[in-house]
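> Pasting the sequence and the predicted coordinates here, then a few questions.
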Amino acid sequence: MGQYSDLLLKTQAPAPSTPKTYSDLLFGGAAPADPAQPSAEADADTWLHRRGQDIMGKHDPRFKGLPALTDELVAEKSFDVTRPMALSSLLNSSDEQLRDIAKSHLGDRFISMQTDANGYTVMRYKGKDGTEKDAYLNQPGLDVNDLGRIGTAAVPYVLSSTGIGKATKGLGWGLQALAQFTGAGGQSILQDLLQAPLGSEQGVELPKASTVAVAAGAVPPLQTAMAALARKFITVPALFDETTGTLTPKGEAAAKSAGVDPAELSREAQKVFAKTYAMDPDAAQAATRATVEPFGIPTSKGQLSKDPYLLTQEEGMRRRLYGENAQDIMRAFDVEQSQAVREAALGSKPQSVTTAIAPQRRPASAPQDANPMVLGQSVRDGTNAAREAARAAENEAWDKVGPLTATKDALDTLPASLETRLGVDVIVDAETTPAAAKMAQEMDRFVSGEAPQRVANVLRSNPVQSVDLMRRRLLSMSRGAQTPSDKRAATALYDGFNDWIDDAANKNLLAGDPGAAAQLKVARGFTKEVRALFEPSVAGRASPAGRRLAAVMETADSPEGVINQLLGSTGSRGVDQGTTQALTNLKQALERFAPADIAKSTWDDVRLAYWVRQVQGRNGEMLGPTAIMNNVKAALANQQSVVRALYAPEEVRLIRQFVQAMETISFKPPNASGSGYTTASFFKDWVGKFFEAFGLKSKLAQTAVELSGLPKAHGTAAARAAVDQSVKPRPPNLVPAVTPLGAAYGKDGNAR
């Protein structure tokens, strides 16, 4: 058999001929036959026809119809010759090796051999009946014998290649290629050595071994390249649509098969799921990686799989049962994972939760940004800025109100308005409610036309007649209240006076410009809006939301208290009374009155403060993954109204994904008490004592073991494998095969 293409397409080297020009090689110019070989078949005139010649073979007319040697020997039942030839084919024999074996086993029956004009070997031998016969060692053209030789020669390579592939599974393609290269080359050499007892005189055919080794070594990178191309252009596009940034129906079905709602995954998470699933179609693993990889959180094999054996092994590494190197690797991994969790929760990366809910702080993030003192002071300052802006707008509205005075009929209705606001629970007296008492006395003088009280006889009396001026005086006086009861009474009197103004204006009991009365209604409406936002009340009393907002603006004794008063208690199983309403009012007040930048930064800090309470302890340190998972899950389940008030749906989706990431890396060691690891350590020491008692733990033996590096290497390799982040792709479904190339080279090493 000729060169490598002979085995596939039966290409036979052409007879020597006049060299072709480059244009002949490209455009099919025919080469004339060599005059020295008149029986040689010339090359066809076109590339396509030459490929036909490769399959059909080139024929020498002198040997037309000559049979194949193996066919003849089988027909006459010369199994003593055909059996070693068949075994030689199984060992990937070359034509030269097969020729030697046939000659050796024919013995005295062998007469001679020659080559035809196209280079094919023709053997002359005696049949069993004594007649001389001629037969091709390998007939021109692709025939059944060729296919049989290819098939039988491929079997050992397929088996060895498959075994090497399984043994090196999980390694990189470079190491796999090296293993296949070495295995195939070594196998070819061994096969050549086994040909000698059969009668081959060719020895080790190094060119054949090299070619087989290179072909085998090329399979892993070829598989990797094909798998990568298939994933990029076929598998991933079938799972993830780049134009929409979402999973395709096929990708959604794969996610759902792992118990994951695709709607709960961010775009980045969906993309990671598709890529991971394309690498290794394990939906559960792909879903797990999709929750952690977008956040950049490393995971161990045990955390990913929740396999008790792997978790126990990893904990043993942390406790130095696998050596110091393994312990160092696991501890470094734990530190890296903790830092990654903090960065994912509070960092400045695009996929961190904090970047999503409070982007204005994160680009120039500083560690103290998540400090409750900083956040609390920011919220108080922003809220007070909104309130001051509201007061300025309110005063402007009242400034537009012209002078209006109360008629006698209007003044007669004032006591009823005040009583309605005071009710039966609010008592006004000079001792316990001095500011409220002073306001009541001032309104008495207003009704009698004597307000304000004359300070000195040298000053002329100038009684207040303007309704708005009196309102402003009462507002100023109410702010002088110091105690809660005094403030409550003063607020009730002020609100009662405002109710009276509204009632009198509606009944046309105020004297003055009709336009002023209309503006009064506008101003009163504005005042009601401001009070409803900043001082919400129920039946004349501050509501729970009103008390929380008052604490934010004034009464909280510290910035931390601002956050606690606004958001309620930490870890509550429900929503504290007034929390949701306070947050809703605060957001509306900021959007309505504060400058846009202050409104956004203040609201972002409220959102950040709530998030920080879920992931940090009271000492300001990050909680562990399990505690974070439990806190956020409880918040999402029990404080849904607060979560909806603070975060948009896409932000809640990211938070849920973060919870899933925490769930992935959270684990309880199978032997949490540590007794098993202690026992293992004692056993290890006991075994050492046992060997020492029998003299098997000498310094020389210890030194030899240490110098071998085997224990350290094992522990190090195990630890690195435990924290390895790579996902090994499954190769495409290619049958590992190395095409036998035994007939590609002659004994001289030159290609035939």
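Okay, I see it. Numbers count the residues shown, from 1 in each chain.

> What lies in contact with stretch 167-180?
Contact with stretch 167-180 is made by 161, 164-165, 216-221, 223-224, 728, as judged by C-beta atoms under 8 Å, 6 or more residues apart in numbering. Any C-beta I mention is one placed from the backbone N, CA and C, and that applies to glycine too.

> shouldn't residue 394 be in contact with residue 526?
Yes - Residue 394 is in contact with residue 526 according to C-beta atoms under 8 Å; the separation is 5.7 Å.

> Separate out the buried members of the contacts of stretch 167-180.
Among the contacts of stretch 167-180, those classed as buried by 16 or more other C-beta atoms under 10 Å are 161, 164-165, 216-217, 219-220, 223-224.

> Take the residues you listed and keep only those in helices.
In helices, defined here by DSSP state H, the members of the buried ones among the contacts of stretch 167-180 are 161, 164-165, 216-217, 219-220, 223-224.

> tell me the phi and psi of the closest residue to residue 59 other than its chain neighbours?
Nearest residue to residue 59 in three dimensions, chain neighbours excluded: residue 140, at 5.5 Å (C-beta to C-beta, 6 or more residues apart in numbering). Per-residue torsions, residue 140: phi -60, psi 150 (degrees, to the nearest 10).

> Repeat that for residue 46.
Torsion angles, degrees, to the nearest 10, at residue 46: phi -130, psi 160.

> That one: neighbour count?
Using other C-beta atoms under 10 Å, residue 46 is surrounded by 13 other residues.

> Tabulate the contacts of stretch 167-180 (TSV), appending pLDDT.
As requested, the contacts of stretch 167-180 are exported to TSV (pLDDT from 0 to 100):
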residue	pLDDT
161	81
164	85
165	78
216	85
217	83
218	85
219	84
220	80
221	84
223	75
224	71
728	62
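
> closest to residue 326 among those?
Nearest to residue 326, judged by C-beta to C-beta, of these is residue 728 at 21.6 Å.

> export stretch 510-527 as PDB, just CAs?
Extracted in PDB, the C-alpha atoms of stretch 510-527 (Å, rounded to 0.1, in the frame of the first residue of the first chain):
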ATOM      1  CA  LEU A 510     -63.700  86.800  55.800                       C
ATOM      2  CA  ALA A 511     -63.600  90.500  54.700                       C
ATOM      3  CA  GLY A 512     -61.300  91.700  52.100                       C
ATOM      4  CA  ASP A 513     -60.400  91.400  48.400                       C
ATOM      5  CA  PRO A 514     -62.300  88.500  46.800                       C
ATOM      6  CA  GLY A 515     -59.000  87.600  44.900                       C
ATOM      7  CA  ALA A 516     -57.300  87.300  48.300                       C
ATOM      8  CA  ALA A 517     -59.800  84.800  49.400                       C
ATOM      9  CA  ALA A 518     -59.100  82.600  46.400                       C
ATOM     10  CA  GLN A 519     -55.400  82.800  47.000                       C
ATOM     11  CA  LEU A 520     -56.000  81.900  50.600                       C
ATOM     12  CA  LYS A 521     -57.500  78.700  49.500                       C
ATOM     13  CA  VAL A 522     -54.500  78.000  47.300                       C
ATOM     14  CA  ALA A 523     -52.100  78.700  50.100                       C
ATOM     15  CA  ARG A 524     -54.200  76.600  52.600                       C
ATOM     16  CA  GLY A 525     -54.200  73.700  50.100                       C
ATOM     17  CA  PHE A 526     -50.400  73.900  49.800                       C
ATOM     18  CA  THR A 527     -50.000  73.900  53.500                       C
END
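
> pLDDT weak spots in the stretch 201-350 of the chain?
By pLDDT under 70, the weakly predicted segments of the stretch 201-350 of the chain are 227-236, 258-259, 280, 284.

> Try it again at 90.
Within the stretch 201-350 of the chain, the ranges that satisfy pLDDT under 90 run 201-213, 215-296, 299-326, 346-350.

> so where do the helices sit in it?
206-230, 236-239, 249-257, 267-279, 283-292, 301-305, 308-318, 324-346 (DSSP state H, counting those that start in this stretch).

> is it possible to export those to TSV including distance to residue 179?
Below are those laid out as TSV (distance: least, C-beta to C-beta, whole Å):
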stretch	distance to residue 179
helix 206-230	8
helix 236-239	29
helix 249-257	32
helix 267-279	21
helix 283-292	26
helix 301-305	23
helix 308-318	26
helix 324-346	26
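
> of all the ones you listed, which lies closest to residue 621?
Nearest to residue 621, of all the helices of the stretch 201-350 of the chain, is helix 324-346, at 9.6 Å by C-beta to C-beta.

> what mean pLDDT does the longest helix along the chain have?
Secondary structure assigned by DSSP H gives helix 372-399 as the longest helix of the chain. For helix 372-399, mean pLDDT rounds to 90.

> Does it pack against any helices or strands, and if so which?
Helix 372-399 sits against helix 467-478, helix 514-534, helix 559-567, helix 579-593, helix 596-615, with contacts defined as 3 or more C-beta pairs under 8 Å, 6 or more residues apart in numbering; DSSP states H and E.

> circling back to that earlier point, so which of the contacts of stretch 167-180 is the closest to residue 54?
Out of these, the member with the shortest distance to residue 54 (by C-beta to C-beta) is residue 218, at 22.6 Å.

> Buried residues in stretch 139-153, which are they?
Buried residues in stretch 139-153, counting neighbours by 16+ other C-beta under 10 Å, are found at 139-142, 145-146, 149-150, 152-153.

> Turn these into CSV, including distance to residue 483.
Converted to CSV, the buried residues of stretch 139-153 look like this (distance: C-beta to C-beta, whole Å):
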residue, distance to residue 483
139, 117
140, 117
141, 114
142, 109
145, 113
146, 109
149, 108
150, 104
152, 105
153, 104
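
> Which members of these are the farthest-apart pair?
Spatially, the most separated pair among the buried residues of stretch 139-153 is 140 and 152, at 20.8 Å (C-beta to C-beta).

> follow-up on the earlier one: pull out the buried residues from the helix or strand following the longest helix of the chain.
For helix 372-399, the succeeding helix or strand toward the C-terminus, using DSSP states H and E, is strand 404-406. For strand 404-406, the neighbour count (16+ other C-beta under 10 Å) marks 404, 406 as buried.

> quick one: average confidence on strand 404-406?
pLDDT averaged over strand 404-406 gives 85.

> Give me the distance between the next helix or strand along the chain from that strand and the centre of its chain.
Next along the chain after strand 404-406, taking DSSP H and E as the criterion, comes helix 408-412. Between the centre of helix 408-412 and the centre of its chain there are 74 Å (C-alpha atoms, centre = their mean, to the nearest Å).

> tell me what helix 408-412 is packed against?
Using 3+ C-beta pairs under 8 Å, 6+ apart, helix 408-412 sits against no helix or strand.

> domain ranges for the chain?
Domain ranges of the chain: 4-63, 245-354+671-712, 365-396+536-663, 403-512, per automatic domain parsing.

> Residue nearest the middle of the chain, spatially speaking?
The structure's the chain has its C-alpha centroid closest to residue 293; by C-alpha atoms, centre = their mean the separation is 2.5 Å.

> I'd say that residue and residue 271 touch.
No - the criterion here is C-beta under 8 Å, and residue 293 misses it with residue 271 at 9.7 Å.

> Mind listing what's buried along stretch 210-217?
For stretch 210-217, a neighbour-count test (16+ other C-beta under 10 Å) marks 210-213, 215-217 as buried.

> Quick check: helices, which of the buried residues of stretch 139-153 are part of them?
Applying DSSP H to those, the entries found in helices are 145-146, 149-150, 152-153.

> just those residues now: which is nearest residue 443?
Nearest to residue 443 among those, counting by C-beta to C-beta, is residue 150 at 113.5 Å.
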